[in-house]
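In: Sequence first, then the predicted structure, then my questions.
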Number of protein chains: 2
Amino acid sequence: MAIKIGLVGTGTVGCGFINILQKHHDDFVRHYGLDLEIVRVCSHSDTRAKDLGLGDRFTPDFHDIINDPEIDIVVELIGGTTDARDLIVGALSAGKHVVTANKALMASDGKEIMDLADQMHRNIAFEASVGGGIPIIEPMKHMLISNEIEQVKGIVNGTTNYMLTRMDQNDLTYEQALHEAQDEGFAEADPTADVDGLDAAAKIAILSSIAFNSRVTMGQVYAEGIRRISPIDLATARDMGYCVKLLAIGNRTPKGIDVRVHPTMLPLEHPLASVNGVDNAIYVVGDYVGQTMFFGEGAGSGPAASSVMGDVMETARLVKNNVQPLVGCTCTDSLPVVPMEDLLMRYYIRFVVMDTPGVLAAMAEVFAKHKVSVRSVIQRGHEASGSVDMVYVTHTAREKDVRDVLTDIQNLDDVLAPKCPPTVIRVDQ
Amino acid sequence: MAIKIGLVGTGTVGCGFINILQKHHDDFVRHYGLDLEIVRVCSHSDTRAKDLGLGDRFTPDFHDIINDPEIDIVVELIGGTTDARDLIVGALSAGKHVVTANKALMASDGKEIMDLADQMHRNIAFEASVGGGIPIIEPMKHMLISNEIEQVKGIVNGTTNYMLTRMDQNDLTYEQALHEAQDEGFAEADPTADVDGLDAAAKIAILSSIAFNSRVTMGQVYAEGIRRISPIDLATARDMGYCVKLLAIGNRTPKGIDVRVHPTMLPLEHPLASVNGVDNAIYVVGDYVGQTMFFGEGAGSGPAASSVMGDVMETARLVKNNVQPLVGCTCTDSLPVVPMEDLLMRYYIRFVVMDTPGVLAAMAEVFAKHKVSVRSVIQRGHEASGSVDMVYVTHTAREKDVRDVLTDIQNLDDVLAPKCPPTVIRVDQ
């Protein structure tokens, strides 16, 4: 008997999902004994549903899907945290399994949704919410569970990775790279969620929750984007043997979970360093498995739909065998999140200063005052404007002390802030 | 109630397995509600079992494990295809679930074992048989199943990857690299299985069977190792923008499955190209997911034990919930394996020849006779011996024609064979 699906959302991923089933329906029956049928499609408009031959199953109201007793699995692909939340809570409450690609919702309301799913003995699957087509959530919930995960970090935002790659390899400015990404369809008209690291923050909240068996929500993630990065930073980093990536990082530490998103200098030999363009990759370190990495296409219709359909098929195996989900919420610990100010790292800091006598001495004094020890200083020319770039790399220092340094140095004469605010890149390892 | 495990084999992986459980038993109870207990340990000697505090559970006879009605899951870590086969068949027949790391057995007797498991409604899991700690078998059986897999290829033998890396980066000869690998414990005293590609052949048979839903056995895999590779090949390849890796390759083609192991020239920008040393990685291309890669430590106690314990915990979830396995054998198609002779590829071929007039013309004639079109010829000096290396790169040619070229050229005067047999490296893409 067919397993019946209600699909909500006919955007890029929703259309990809319909395409897969239209192409592979018979393969799924033959290989896995899974006969899947999309019995209802909900969207604001019926155009896409009609285009894909599902016009007769269209409804503009997702309650029709929640209330359809025939539907086994609801697929939520509308995004956002309002309607999507009502839909998912409604569907689970009505005894349906749910598959979603919604990172924002899972990063904010994950606990409530997973608790509801556990209570209703229904599956909630969200592989597509992180890393597009890359299997990462399920591997962490299954194959890697014999490990205590020490670190999960990744390049989980294709837009910014594309921009940084273009800036690095083709010497584009931030603005040029952003416009190009928008022209190519890799960036939204309003790029805030990507370039300010918010998209990555939602994803690392989800990954950290699973990795550390302890709930991390979006609001607990320190997020800093790539707006202040310029080609000079990428070139300077490369001279030092590093690349610059917008990393989403979760660490297990003796004091709790350290979870954050920011531009990061990564040694060129690190497995994540060769992940370029719109590709994504997630690097996971466990106490027995050692280092692993999961690489692939982080966005786009096909990859995301591949994950959504994978979740649907896994859920359909439960439905077909009349089995309750074997894995629910695994956030059984309550680890504190370490405040960003308390972290110890090395820092790359670039100031733009007027090339005048005294400015270097004044800056050195500020570093000394806050006990931030400088490992190297590099001066780079800056056009013919009389200003220069001063790049400092520190020894390991406390975030709070570095922030104090930044504040004090920006108040010095001959330091070009706020017009040219300092660029801060944290150094990995 | 505890889920009871019988462990057979206390070598490197077996000890790692015991270690994980001793360290994480309470974590597994807290996070996943899984209370695992090793109730019997079988090995030739009781030394390791005693060292690890399990001396009271030791038996030298694996039949004691098969016949113990209390045991839910049997873990086979002895390797080989004789005792291991009897153990696994016996355990499944006795109604026990089985977890194994045995690539050779799964690549030869996989069908019989999986059919028996299906028939007995018991789980057979073998994640550790390929790629050590890297999750790859389960992702292909679950997260990626909505795709038609077009290609699976990987660096699945750490020994040869270590040797090639050392030869490439440090200009070691094959013999030097092998001795070093043996000294480091990365290669066996008899390195045949590794350096001749047999280990990799077993692994790609397993991966191809899953990827293409069609059984491929070890004997169907063309395997060629790295014995003829020298540093000059690696340097020449690098000049051309390639690295050389021992790749295990499975392709879905219109004519059937193309499955093989051989040294391969891979473009330096390919995701597999930066996988060095003993690391492993498997690259999978699906029609929707696009390209993905799974990277990690391919061998060693911790990584392999991580996979074995992951399989055990997944199986324990079935036992705890009194559920039959939801996924059995998925080899539902019977695709032919394309003969190696029929494949079309580009080839790198290096001959050692005496630097005499006429030899080049004679060689060109052979290529022309067999209609193998040459794209480039490079001559490299070879010590002060009067011989030179002639490196040919062909346009796309048929394997059979290239073999005819090799035979004919080796019969020419002034071509130093069999003392210096030609080196053949197939070019990826």
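Out: Nice, I can see it. Residues are numbered from 1 along each chain as shown, chains lettered A, B, ... in the order given.
In: can you pull out the helices in the stretch 301-429 of chain A?
Out: A:301-321, A:359-369, A:399-410 (DSSP state H, counting those that start in this stretch).
In: Give me whichever of the ones you listed is most buried.
Out: Sort these by mean neighbour count, taking mean count of other C-beta atoms under 10 Å in any protein chain shown, and helix A:301-321 sits at the top with a mean of 25. No exception for glycine: its C-beta is placed from N, CA and C like everyone else's.
In: Now do that one: which elements does it pack against?
Out: Here helix A:301-321 touches strand A:3-8, helix A:12-32, strand A:36-42, strand A:73-76, strand A:97-100, strand A:124-125, going by 3 or more C-beta pairs under 8 Å, 6 or more residues apart in numbering or on different chains; DSSP states H and E.
In: So which bits of the stretch 251-400 of chain A are right by chain B?
Out: Neighbours of chain B within the stretch 251-400 of chain A, by C-beta under 8 Å from any C-beta of the partner chain: A:271, A:274, A:286-297, A:300, A:302-303, A:305-307, A:309-310, A:312-314, A:317-318, A:321, A:323-324, A:326-327, A:330, A:332-333.
In: pLDDT wise, what is residue A:420 at?
Out: For residue A:420, the pLDDT comes out at 85.
In: ok, it - contacts?
Out: Contacts here follow C-beta atoms under 8 Å, 6 or more residues apart in numbering or on different chains; on that basis residue A:420 touches A:351, A:352, A:387.
In: In PyMOL, how would I select the buried members of these?
Out: Buried residues among these (16 or more other C-beta atoms under 10 Å in any protein chain shown), as a PyMOL selection:
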select buried, chain A and resi 351+352+387
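In: now the stretch 1-150 of chain A, which segments are flagged as low pLDDT?
Out: For the stretch 1-150 of chain A, no stretch has pLDDT under 70.
In: Spell out which parts of it neighbour chain B.
Out: Counting by C-beta under 8 Å from any C-beta, the residues of the stretch 1-150 of chain A close to chain B are A:16, A:19-20, A:23-24, A:27-28, A:30-32, A:127, A:133-135, A:138-139, A:142-148.
In: which among those end up buried?
Out: A:16, A:19-20, A:24, A:27-28, A:31-32, A:127, A:133-135, A:138-139, A:142-148.
In: what's the pLDDT at the residue in the stretch 301-429 of chain A positioned nearest to chain B?
Out: Chain B sits closest to residue A:309 of the stretch 301-429 of chain A, with a gap of 3.5 Å, by C-beta to the nearest C-beta. As summarised for this prediction, residue A:309 has a pLDDT of 98.
In: what's near enough to touch it?
Out: A:17, A:20, A:21, B:146, B:288.
In: can you pull the contacts of the nearest residue in space to residue A:256 that is not next to it in sequence?
Out: Once flanking residues are discounted, residue A:256 sits nearest to residue A:336: 3.7 Å by C-beta to C-beta, 6 or more residues apart in numbering or on different chains. By C-beta under 8 Å, 6+ apart, residue A:336 lies in contact with A:255, A:256, A:257.
In: excluding its backbone neighbours, what's nearest the first one?
Out: To tie it back to what came earlier, the one meant is residue A:255. In space, residue A:255 is closest to residue A:338, 5.1 Å off (C-beta to C-beta, 6+ apart).
In: Check the burial of the residue nearest to residue A:350 when sequence neighbours are not counted by counting its neighbours.
Out: Among residues not flanking residue A:350 along the chain, residue A:423 sits closest, at 4.4 Å (C-beta to C-beta, 6+ apart). By the criterion of other C-beta atoms under 10 Å in any protein chain shown, residue A:423 has 22 neighbours.
In: Looking at the contacts of residue A:420, which is nearest residue A:185?
Out: Closest approach between those and residue A:185, by C-beta to C-beta: residue A:352, at 33.3 Å.
In: dump the residue contacts of that closest one.
Out: A:382, A:387, A:388, A:389, A:390, A:415, A:416, A:417, A:420, A:422.
In: Got a ChimeraX select line for the buried ones in the residues you listed?
Out: In ChimeraX, this line selects whichever of these come out buried by 16+ other C-beta under 10 Å:
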select /A:382,387,388,389,390,415,416,417,420,422
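In: State the pLDDT value of the residue of chain A most remote from its centre.
Out: Relative to the mean C-alpha coordinate of chain A, counting by C-alpha atoms, centre = their mean, the farthest residue is residue A:357 (44.4 Å). What the model reports as pLDDT for residue A:357 is 82.
In: what's the neighbour count on residue A:322?
Out: Residue neighbour count, defined by other C-beta under 10 Å, stands at 7 for residue A:322.
In: So what sits opposite residue A:389 in the bridge?
Out: residue A:352, residue A:380 (DSSP bridges).
In: Can you name the residues that contact it?
Out: Residues in contact with residue A:389 (C-beta under 8 Å, 6+ apart) are A:232, A:350, A:351, A:352, A:379, A:380, A:381, A:382.
In: Walking through the stretch 51-200 of chain A, point out its helices one by one.
Out: A:63-66, A:83-93, A:103-120, A:137-141, A:158-170, A:174-183, A:192-195, A:198-211.
In: Okay, domains of chain A per the record?
Out: For chain A, automatic domain parsing gives the domain ranges A:3-132+A:301-321, A:137-297, A:340-427.
In: could I get those as JSON lines with distance to residue B:53?
Out: Listed next are the domains of chain A as JSON lines, based on distance: least, C-beta to C-beta, whole Å:
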{"stretch": "domain A:3-132+A:301-321", "distance to residue B:53": "36"}
{"stretch": "domain A:137-297", "distance to residue B:53": "19"}
{"stretch": "domain A:340-427", "distance to residue B:53": "38"}
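In: Any idea which of the contacts of residue A:420 the model trusts least?
Out: Within the set of the contacts of residue A:420, pLDDT is lowest for residue A:387 (87).
In: Would you confirm that it contacts residue A:355?
Out: Yes: here residue A:387 reaches residue A:355: they are 6.5 Å apart, a contact under C-beta atoms under 8 Å.
In: Check the residue nearest to residue A:242 when sequence neighbours are not counted and give its pLDDT.
Out: Computed as C-beta to C-beta, 6+ apart, the closest residue to residue A:242 that is not its neighbour in sequence is residue A:265, at 4.1 Å. On pLDDT, residue A:265 comes in at 98.
In: Would you mind listing the buried residues in the helix or strand harbouring residue A:265?
Out: Using DSSP states H and E, residue A:265 falls within strand A:256-267. Residues of strand A:256-267 classed as buried: A:256, A:257, A:258, A:259, A:260, A:261, A:262, A:263, A:264, A:265, A:266 (neighbour count, 16+ other C-beta under 10 Å).
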